[in-house]
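Trainee: pasting the sequence and the predicted coordinates here, then a few questions.
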Amino acid sequence: MKMPEEPDWFPLVLPPINLWCMKPAYMITAKEESTLTRHEPCPECGSKDNLGRYTDGHGFCFGCGHYEKAEGEGSSTPSPAAPRNIDLQPFYEAEVQGLKARGITEETCRKYGVRVGSLKGKKVHFYPFYEGNTLVAAKTRDAEKTFQIIGKGSKLPLFGNQIQSSGKMVVVTEGEIDALSVAQAMKTWPCVSVPNGAQGAAKAFKHNLEFLEGFDNVIIFFDMDEAGQKAAKECAELLSVGKAKLAHIEGAKDANELLLSGRATEIVRAVWDAKQFRPDGIISGKDLWDQVMVDDPTVSVPYPYLGLNEKCRGLRKGELVTVTAGSGIGKSALVRELAYHLLNQGETVGMLMLEENPKRTALGLMGIHMNKPLHISREGIDDGTLKDAFDHTVGSGNLFLYDHWGSSDIENLISRVRYMARGLGCSWIVLDHLSIVVSGLGDGDERRLIDNTMTLLRTLVEETGVGLILVSHLKRPEGKGHEEGASTSLSQLRGSHAIAQLSDIVIGLERNQQSDTPNVTTIRVLKNRFTGDTGEAGNLYYSRETGRLSEEETLSIF
């Protein structure tokens, strides 16, 4: 059917040709070229204004289907009327009135067939639902805002779909009153609404998809509350790409609230300013101007080592730093140094040390503070000194430990890290180490398990904004092993390329345990997404007397 670009207030509606076998084919042209001029009483069903009279003289009743021929169509008797649903009798007996309390005029109600009458002794509003030109149901609303459906009760069409079946644009609202409000403000453009509110909107869209796809643009004008906006996105995803647009208003919940407050022009503006729907996560570059104009200073916490600071410019929240090395090289010792340094900076730290119990972690941090390997010996240390070290580290209120005792499956760990970040305010998380997490997942392909685990950890970093320091193992290289000083590389990360791909910084540790300098560890930055600067970042010296890692060969006593 060819539709005008800007249809009159009630465009032509053509009933299906085969509806009750009531219209011969030669009538089609006459109806397509005529438009509705007024509503009249129907001589067949007795309704006061359901019969539409068109410019060529023919008439059609939207209630019962009674048809009256146009001049020149011949002298045959009118086609028989459609059988009438007795449940809809209260609708036929009701009258068209404006909905004064809602700011809806009688003219708008007449256009959409809305009536005011009674049902079971109560005054109600009737909102009609049509399939084609057949009235199939009516929704009633009483003063207590109780709704009821009479006539057809399931898979209802959209309210207002009889106004226009295709065209350039249709506005879809969450309720009938909002559809009438938008129609009254827009005047010439068709407006419809879903029959059961936000909770049933997606189902209504699926059931009426053929109708909606008949329009070039579908403007979804749902309520501005959380339920309405969630439903709007769900409905938009059901339409063809580029068809759906989302209308947005400020300072009001819905279209009727704007109409009642004398802001009908804002309804019109919201429709014409509606933005094309894009699935979550897809944005247009042109919308980023305001963001790029804000100079966000990058806040970094310095490493305790100058070489790493020169390469990486410090630690940053929202980044995933992976520390890797061969077995026994000192990965856990390094991350304990980093955790202690962060605590000294006043940061809140969560530690999930899966190869040791919380007591061992606590003694390690206290020993760093005292420059004494407490896990080896406490000889000569009084309780007061121990308590002071405890209060400055483990007992500071800024450290939280995970007492795992064998429960290291990934979902459990992810929930604990999320709680540390959101519930306890941890800005930094230390997870030592990835291989134990994967081993807790049971049998399966190690590469796939590591891929999945790294994706979950990366997502968690983005979700919470924490800085995550992760320990990962290396696979054994050909020839000389890492314990003999073999260089580290990204290709040696054990199990999956996802470790390198999803980490912001990768730090490798290298030490020859069998050389003349077995306590010297070389730091190598293998990946650096922040500055791109990679390569050797100096040496760390381990002191057996203090248990510390330092850039200085002789560690001074604090």
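Mentor: Nice, I can see it.

Trainee: could you check how many residues crowd around Gly57?
Mentor: When counting by other Cβ atoms under 10 Å, one arrives at 15 neighbours for Gly57. C-beta here means a position set from N, CA and C on the backbone, and glycine is covered the same way.

Trainee: show me the helices in the stretch 51-200 of the chain, by range?
Mentor: Under the criterion DSSP state H, counting those that start in this stretch, the stretch 51-200 of the chain carries helices at the ranges 89-93, 106-112, 176-186.

Trainee: can I get those in TSV with mean neighbour count?
Mentor: Below are these laid out as TSV (neighbours: other Cβ atoms under 10 Å):
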stretch	mean neighbour count
helix 89-93	18
helix 106-112	19
helix 176-186	26
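
Trainee: redo these as a markdown table? Include mean pLDDT and distance to Thr488.
Mentor: Converted to a markdown table, the helices of the stretch 51-200 of the chain look like this (pLDDT from 0 to 100; distance: least, Cβ to Cβ, whole Å):
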| stretch | mean pLDDT | distance to Thr488 |
| --- | --- | --- |
| helix 89-93 | 91 | 79 |
| helix 106-112 | 95 | 73 |
| helix 176-186 | 96 | 63 |
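
Trainee: longest helix anywhere in this protein?
Mentor: As assigned by DSSP state H, the longest helix anywhere in the chain is helix 446-464.

Trainee: coming back round to it: kindly reformat the helices of the stretch 51-200 of the chain as JSON lines containing distance to Glu462.
Mentor: Below are the helices of the stretch 51-200 of the chain laid out as JSON lines (distance: least, Cβ to Cβ, whole Å):
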{"stretch": "helix 89-93", "distance to Glu462": "54"}
{"stretch": "helix 106-112", "distance to Glu462": "47"}
{"stretch": "helix 176-186", "distance to Glu462": "37"}
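
Trainee: Gly384: which of those helices is closest?
Mentor: helix 176-186 (72.3 Å; Cβ to Cβ).

Trainee: how about low-confidence regions in the chain?
Mentor: 1-35, 45-46, 63-65, 72-84, 405-408, 439-444, 495, 553-558 (pLDDT under 70).

Trainee: now name the helix or strand holding Glu347.
Mentor: Using DSSP states H and E, Glu347 falls within no helix or strand.

Trainee: give me every residue that touches it.
Mentor: Going by Cβ atoms under 8 Å, 6 or more residues apart in numbering, Glu347 touches Val301, Asn398, Ser427, Trp428.

Trainee: kindly recompute the last result at 6 Å.
Mentor: Ser427, Trp428 (Cβ atoms under 6 Å, 6 or more residues apart in numbering).

Trainee: that one and Leu457: what is the separation?
Mentor: 20 Å (Cβ to Cβ, to the nearest Å).

Trainee: quick one: secondary structure of the residue positioned nearest the centre of the chain?
Mentor: Note on the chain: the residue nearest the mean C-alpha position is Asp280, at 5.5 Å, using Cα atoms, centre = their mean. Secondary structure assignment for Asp280 (DSSP: H, G, I helix; E, B strand; the rest coil): coil.

Trainee: gap between it and Phe222?
Mentor: Distance check for Asp280 against Phe222: by Cβ to Cβ, it reads 16 Å.

Trainee: cool, and Leu135?
Mentor: Leu135 is 26 Å from Phe222, where distance means Cβ to Cβ.

Trainee: repeat for Leu334
Mentor: In terms of Cβ to Cβ, Leu334 sits 53 Å off from Phe222.
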